[in-house]
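K.L.:
give me coordinates for this.
(one chain, ligands or ions: 3)
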Amino acid sequence: MAMEDPDRKTEVVLLACGSFNPITNMHLRLFELAKDYLHETGKYKVIKGIISPVGDAYKKKGLISADHRVTMAKLATNNSDWVEVDDWESSQSEWLETVKVLRHHREKLSSPDPTISLQNALPLTKPGRKRKQEPNRHEPVKKKNQSPDGKNVPQVKLLCGSDVLESFGIPNLWKLEDITEIIQNYGLVCISRAGNNTQKFIYESDILWKYKNNIHLVEEWITNDISSTKIRRALRRGQSIRYLVPDVVRAYIEKNDLYSLESEDRNAGVTLAPLQKNASDSKN
Ligand SMILES: Nc1ncnc2c1ncn2[C@@H]1O[C@H](COP(=O)(O)OP(=O)(O)OP(=O)(O)O)[C@@H](O)[C@H]1O
Ligand SMILES: NC(=O)c1ccc[n+]([C@@H]2O[C@H](COP(=O)(O)O)[C@@H](O)[C@H]2O)c1
Ligand SMILES: [Zn+2]
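P.N.:
Ligands and ions are numbered 1, 2, ... in the order given. Purely as a prediction, here's the structure:
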């Protein structure tokens, strides 16, 4: 690695992918926890957080329309000066692997021209087309991201709860090459979640162990086991969700009567898009 000014902090953009069905206070807390943690290392400066709700084509049971989920996430982040919502992922007609969403956001950050961000098909592991000026062609593009004009661009890291990390172990859900690209070229910030033993999970996985320096595990000391599943359950039962989701989100859910027994039945019996895709890929 080239000489770097040790005082110069690496800029980071945190990207959270998920259903956000609906967004909860805990989703918002993830960003605050991750930012505090990264700042305390003394090495990073978090400049932005992005919430990217999954598209309807994900086909998860009980998933209501992306329109509503995006709107709620926007309402919830209206008063944040650093977390925003991006609907690029949810406006694609097909479900997208998370690595493609990461690529899109890295491209977008490194490209002065916003229209270029539409191309996200190429993995950025090798210095490719728009990366002519990589200083050292044999060095993997990870520590230092550079834009076409050689300027440093922020690192994009995936922000998730430990259940997502542990889902890497579910057969057919994630491709090994995607997991590798995510942790090798982007990095993970993972917030502990009740019931998960993430250290052990990393220890038991060869690939996670290999790149463990790129996985930041954040211990959540003020534990808070809110989940969207519990919010939807409370709503179905006519129970209050006050103080569990932002009040503007609660009002929006009530006004539009979003969650019911019927909505919970959406996609019932349908195979989750990644399982469908990876199962059919492995047959070919
Ligand atoms: N209480 C929590 N602690 C840590 N991470 C969380 C928590 N709640 C949600 N997350 C994380 O937020 C991201 C988005 O998750 P998601 O939209 O699935 O929310 P969820 O609350 O897990 O919803 P559901 O119950 O529908 O699965 C994921 O990375 C998930 O791990
Ligand atoms: N192979 C993959 O890239 C892959 C597999 C499963 C889930 N995911 C993503 O992880 C997130 C999981 O969200 P849920 O926990 O709400 O199911 C979604 O954004 C989804 O797109 C990605
Ligand atoms: Zn979840």
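
K.L.:
neighbours of Ile226, how many?
P.N.:
16 (other Cβ atoms under 10 Å). Just so you know, the C-beta spots here come from the backbone N, C-alpha and C atoms, and that holds for glycine as well.

K.L.:
err, Ser65, not the other one
P.N.:
15.

K.L.:
show me what contacts the nearest residue to it once chain neighbours are set aside?
P.N.:
Of all residues not flanking Ser65 in the chain, Asp56 sits nearest, at 6.1 Å (Cβ to Cβ, 6 or more residues apart in numbering). Residues near Asp56 by Cβ atoms under 8 Å, 6 or more residues apart in numbering: Leu63, Ser65, Ala66, Ser90.

K.L.:
pLDDT score assigned to Asp56?
P.N.:
Asp56 is assigned a predicted lDDT (pLDDT) of 98.

K.L.:
now Asn196
P.N.:
At Asn196, pLDDT is 78.

K.L.:
can you pull the contacts of Leu217?
P.N.:
By Cβ under 8 Å, 6+ apart, the contact set of Leu217 is Ser162, Cys190, Ser192, Thr198, Gln199, Ile202.

K.L.:
name only those of those residues that count as buried.
P.N.:
Burial by neighbour count, 16 or more other Cβ atoms under 10 Å: within these this picks out Ser162, Cys190, Ser192, Thr198, Ile202.

K.L.:
correct me, but the first one touches Arg193?
P.N.:
Yes: between Ser162 and Arg193 there is a contact under Cβ atoms under 8 Å: 4.5 Å.

K.L.:
close to ligand 2: what parts of the stretch 101-250 of the chain are there?
P.N.:
Neighbours of ligand 2 within the stretch 101-250 of the chain, by Cβ under 6 Å from any ligand atom: Val164, Leu173, Trp174, Asp178.

K.L.:
nearest to ligand 1, of the residues you listed?
P.N.:
Minimum distance to ligand 1 across those is 4.3 Å, recorded for Val164 (Cβ to the nearest ligand atom).

K.L.:
can you give me the neighbour number for the closest one?
P.N.:
Val164: 20 neighbours (other Cβ under 10 Å).

K.L.:
next, it: secondary structure please.
P.N.:
At Val164 the chain is in helix, as set by DSSP: H, G, I helix; E, B strand; the rest coil.

K.L.:
which residue is the nearest non-sequential neighbour of the residue of the stretch 1-150 of the chain found nearest ligand 1?
P.N.:
Residue of the stretch 1-150 of the chain nearest ligand 1, by Cβ to the nearest ligand atom: Gly18 (2.4 Å). Leaving aside its sequence neighbours, Gly18 sits nearest to Val54 (Cβ to Cβ, 6+ apart; 6.5 Å).

K.L.:
neighbours of that neighbour, just the number please.
P.N.:
What Val54 shows, counting by other Cβ under 10 Å, is a neighbour count of 23.
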